[in-house]
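Participant: The following comprises the amino acid sequence and a computationally predicted model.
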Amino acid sequence: MKYLSEYRQPAAVQRCVAGIHRLVTRSWNLMEICGGQTHTIVRFGLDAMLPSRVRMIHGPGCPVCVTPVEMLDKAIRIASRPEVIFCSFGDMLRVPGSERDLLAVKSAGGDVRVVYSPLDAVKLAARRPERQVVFFAIGFETTAPANAMAVLHAERLGLENFTCLVSHVLVPPAMQAVLGSPQNTVHGFLAAGHVCAVMGTQQYEPLVRQFHTPVVVTGFEPLDLLQGISMCLRQLEQGRSELEIQYRRVVRPEGNRLAQEQLRRVFTTVSRKWRGIGEIPASGWALSEAYARFDAEQRFDVRDVVAEESSECFAGEVLQGHRLPVECPAFGSRCTPEHPLGAPMVSGEGACAAYYRYRRQPV
Amino acid sequence: MCLGIPGKLVELRQQDELMMGKVEFGGIVKEVCMAYLPEAEVGDYVLVHVGFAISRIDESEAEEIFRYVDEIEQLSGDADEPPALRAAEMHGEGDGS
Ligand code: SF4
């Protein structure tokens, strides 16, 4: 496939790896933010090709993984109502709430459906005016424009039976939290290319300046990651800290202005709890005043639901890069993709799922 | 769910007041909302995420990476030799996160 296979050419990968080996003289820890990047790294074994002095730390960029357990419980509560058709991206169905998951609601007769695009949920609401259609609007800045458009389109069509359960999270505040933590060991970041395709790169300037940490906006194919890694290492070796874009074929510094405009209309910035990590100020989006009538939490009155996280899963440690999935005592035994104890084992972008699929043994 | 996949825009049309398009991904054609990329034209490659095109792929930048590989290959240094690559593993077409 064009724009995929050429970035996986073994010869080019090999040459890039050789260049990285020549360039490194000291020990460095790099964090890739996005779970999609974690999967490429683990799947293609890129971390094992790097010099032993370079360590890749997997970041918190898996939206499914960081959706807090009470949000799951709210979803489960809403989805269990007889008048509701609950629509979600597939990954969310297996994520454990405090007692059960959305799949259990479906097996018990609830109308829970997987959609590919949020617009599918809007279309469904238009076709089924007698039912309440609720869409589980999770994701980072990459997914938010699609979810915003679903709300705008429902408004345009005058739908009164469409609402969203919104749990959006934002990348820069999470990076700030990682860098600001006393336990931080990250020297340089690979920022998530698709988030920046929407938001642009300007938001990362203050982080680079405040923490003197290089940030390289990086793509998702093996060569993208290796180039991003080498750009970041070059900065570190030369004592520079700058914002650079590796993923130029997709990311413009200004991002997608049209999408940003609609995001500002539909959403407002709020403090959010990240599963396993805790509250991060100004790290999420909720529906703005003007669109509050599309808020499922209000319509179904689930705003007060609280829940405790399972103590067995240490997803927080994994999501903050403090421990590897294989260091979890439950990994591969009590916790597998078939019977997940935590979200990182479920999601297509979760670090635990990546290690389970591609690398069950500790490296 | 954060996957973004590059594909070729093969059709554009207005539907329910929304700009929609058809995008081909290695032979598979999908319905995609083009509202955030009104400047895209049929024949362009676009990056699609959850049914929405979010960015146009810049063909002139797409080759840049190979020039970079040439450049860093020229770097001199005396660090250890890299491990041999299991070439077969690079061939998967897969999803392209
Ligand atoms: S292996 Fe399972 S229990 Fe352990 S951290 Fe990962 S998701 Fe949680």
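Facilitator: Looks like it arrived, so ask away. None of the values given here were measured: they were computed from a predicted structure.
Participant: The longest helix seen in chain B packs against which elements?
Facilitator: Using DSSP state H, we find that the single longest helix of chain B is helix B:64-74. Helices and strands touching helix B:64-74, by 3 or more CB pairs under 8 Å, 6 or more residues apart in numbering or on different chains; DSSP states H and E, are helix A:10-23, helix A:222-237. C-beta coordinates here come from the backbone N, C-alpha and C atoms, glycine included.
Participant: Return the set of buried residues in the first one.
Facilitator: Taking 16 or more other CB atoms under 10 Å in any protein chain shown as the basis for neighbour counts, the residues of helix A:10-23 that come out buried are A:12-23.
Participant: Give the rounded mean pLDDT of it.
Facilitator: For helix A:10-23, mean pLDDT is 92.
Participant: about what we covered before: with distance to the ligand as added columns, please give the helices and strands packed on helix B:64-74 in CSV.
Facilitator: Supplementary listing: the helices and strands packed on helix B:64-74 in CSV, determined by distance: least, CB to the nearest ligand atom, whole Å:
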stretch, distance to the ligand
helix A:10-23, 29
helix A:222-237, 22
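Participant: With adjacent residues omitted, what lies nearest to A:C87?
Facilitator: Closest residue in space to A:C87, ignoring its immediate chain neighbours: A:A121 at 4.0 Å, by CB to CB, 6 or more residues apart in numbering or on different chains.
Participant: So the one you found sits against A:N147, correct?
Facilitator: No: applying CB atoms under 8 Å as the test, A:A121 and A:N147 come out as separate, 9.6 Å apart.
Participant: What segments of the stretch 51-200 of chain A are helices?
Facilitator: A:63-66, A:69-79, A:102-107, A:118-127, A:144-156, A:171-180, A:193-199 (DSSP state H, counting those that start in this stretch).
Participant: Which one, of the helices and strands packed on helix B:64-74, ends up nearest to A:S80?
Facilitator: helix A:222-237 (41.5 Å; CB to CB).
Participant: Show the pLDDT at the residue in the stretch 251-363 of chain A that chain B sits nearest to.
Facilitator: Here the residue of the stretch 251-363 of chain A nearest chain B is A:A259; by CB to the nearest CB that distance is 4.7 Å. You'll see A:A259 listed with a pLDDT of 98.
Participant: that older thread, buried sites along the longest helix of chain B?
Facilitator: Buried-residue list, helix B:64-74, by 16+ other CB under 10 Å: B:65-66, B:68-69, B:72.
Participant: how about the strands in chain B?
Facilitator: Assigned by DSSP state E, chain B shows strands spanning B:5-15, B:18-25, B:28-33, B:45-49, B:52-56.
Participant: The third one near chain A at all?
Facilitator: Yes: interface with chain A: strand B:28-33 contributes B:31, B:33 (CB under 8 Å from any CB of the partner chain).
Participant: now the angle from that strand to helix A:144-156?
Facilitator: 60 degrees (axes from the mean of the first three to the mean of the last three CA atoms, to 10 degrees).
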